[in-house]
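Trainee: take this sequence and fold it.
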Amino acid sequence: MKVGLVIYGSLDILTGGFIYDRKLVDFIQAHGAIVEICSLPWRDYASHLTDNLSYKFFSRLKMADFDILLEDELNHPSLLTANRSLLNSSKYPILSIVHHLRCSELRSNIANHFYRRIERMYLGTVDGFIFNSGATRKSVETLGLPPRPSVTAYPGRNSLNPGVNSQFIRKRAQGHGPLRLLFVGSLIPRKQLHTLVEALSHIPRKEWALRVVGSLETDKNYTNEVFEHLRRFEVENNVSLLGSMSGDELEAEYRNCQVLAVPSSYEGFGIVYLESMGFGAPPLASTAGAACEMITDGLNGFLVNPGDIKGISEKIGRLVSDRALLVQMGEAALDRFASHPTWEQSCEKMFNFMKEMVCKSHV
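Mentor: So this is what the prediction gives:
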């Protein structure tokens, strides 16, 4: 089988969606498929829309001898014209890998109405969907498109190598010193680091310390806002901005932290929550998106409404004062992690779906 994959940039990017795409590519290549990466350059949204005028890229897709074409839904603004042309020619089936919809993110109603229209147009040009969560599947269903074949395959649990047990969790939780919090994610508004910082400012400074792992370059304006928040709430000495990290470095941060706190305004899945559970560190996430498919509030982590500063402060405050609860939640998080599918199981599910779509296209 020859597979095309349309992405922006490179599969080497260390964010959730690219990890998902890369794991799938590695799996299907290991099972005999040939994969050709069709990359478009990263630019702003308006410039991506102008990609629809690029005859060179469309011609490449049209002339390719793929058995099936995968498209990361992130690329949707660039593919409207190309997909219509490919769909009319019935050359090969097109599947969209949907991590989350842009119109599901927190922004003005006017902006999201625009993005919703564009995404609906794009999703109407594909033959089927690969979803990373039930929440993502439901968000696409709300667009009112005619039914299409789909599969839901969660990101796998075995990206990192936790190697922790109940004894480790207990010893870590009962250690002296402030509660060790970790934030993992690029510094962008959707991740809501500024909200977390403000919430933590309501907890005595001696009771907590936050380490932030994630690119400081993705949105420099927002990074500057975060620095301003640290100054405004006088917590500069409590927060360490570490920038991007390699896998081994990130594992060390997960192993050392006691709680993961990433109260994003929306996550189509949120691999970081699953990763932290593998290290027995209960995650704090928001109710918007798929976090609730992993986290049971108060059992193996916490869920708060987007932007709920008081809720974040209260829930983290509970763990500051109750280390027995921290142990209990950490052990429950590790149990939940153990029941989650592996990458091999999820990728096999996707690969079987791809083969079914190819077979149907030849009937």
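Trainee: can you give me the helices for the stretch 101-250 of the chain?
Mentor: Taking DSSP state H, counting those that start in this stretch, the helices of the stretch 101-250 of the chain run over residues 109-123, 134-141, 166-173, 193-200, 220-232, 247-256.
Trainee: what about Val98, how many neighbours?
Mentor: When counting by other Cβ atoms under 10 Å, one arrives at 27 neighbours for Val98. Bear in mind the C-beta positions are built from the backbone N, C-alpha and C, glycine included.
Trainee: now do the contacts for it.
Mentor: Going by Cβ atoms under 8 Å, 6 or more residues apart in numbering, Val98 touches Glu73, Leu123, Phe129, Ile130, Phe131, Asn132, Thr136, Arg137, Val140, Gly268.
Trainee: what about dumping the CA coordinates of stretch 55-68 to CSV?
Mentor: C-alpha atoms of stretch 55-68 as CSV (Å, rounded to 0.1, in the frame of the first residue of the first chain):
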residue,chain,number,x,y,z
TYR,A,55,-1.2,24.5,-8.9
LYS,A,56,2.2,22.9,-8.2
PHE,A,57,1.0,21.3,-5.0
PHE,A,58,-2.4,20.2,-6.4
SER,A,59,-0.7,18.7,-9.4
ARG,A,60,1.6,16.7,-7.1
LEU,A,61,-1.4,15.2,-5.4
LYS,A,62,-3.3,14.6,-8.6
MET,A,63,-0.4,12.8,-10.3
ALA,A,64,0.5,10.7,-7.2
ASP,A,65,-0.1,7.0,-7.4
PHE,A,66,-1.4,6.7,-3.8
ASP,A,67,-3.7,4.0,-2.6
ILE,A,68,-5.0,6.4,0.0
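Trainee: what mean pLDDT does that stretch have?
Mentor: Averaging pLDDT along stretch 55-68 yields 87.
Trainee: mind listing what's buried in it?
Mentor: Buried positions in stretch 55-68, judged by neighbour count with 16 or more other Cβ atoms under 10 Å: Phe57, Phe58, Leu61, Phe66, Asp67, Ile68.
Trainee: just to revisit the earlier point, point out the most buried one among the helices of the stretch 101-250 of the chain.
Mentor: helix 193-200 (a mean of 23; mean count of other Cβ atoms under 10 Å).
Trainee: other SSEs contacting that one?
Mentor: Helices and strands touching helix 193-200, by 3 or more Cβ pairs under 8 Å, 6 or more residues apart in numbering; DSSP states H and E, are strand 179-184, strand 208-213, helix 220-232, helix 309-321.
Trainee: could you dump the ones you listed into a markdown table and include distance to Cys359 and mean pLDDT?
Mentor: Converted to a markdown table, these look like this (distance: least, Cβ to Cβ, whole Å; pLDDT from 0 to 100):
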| stretch | distance to Cys359 | mean pLDDT |
| --- | --- | --- |
| strand 179-184 | 40 | 98 |
| strand 208-213 | 43 | 98 |
| helix 220-232 | 46 | 96 |
| helix 309-321 | 49 | 96 |
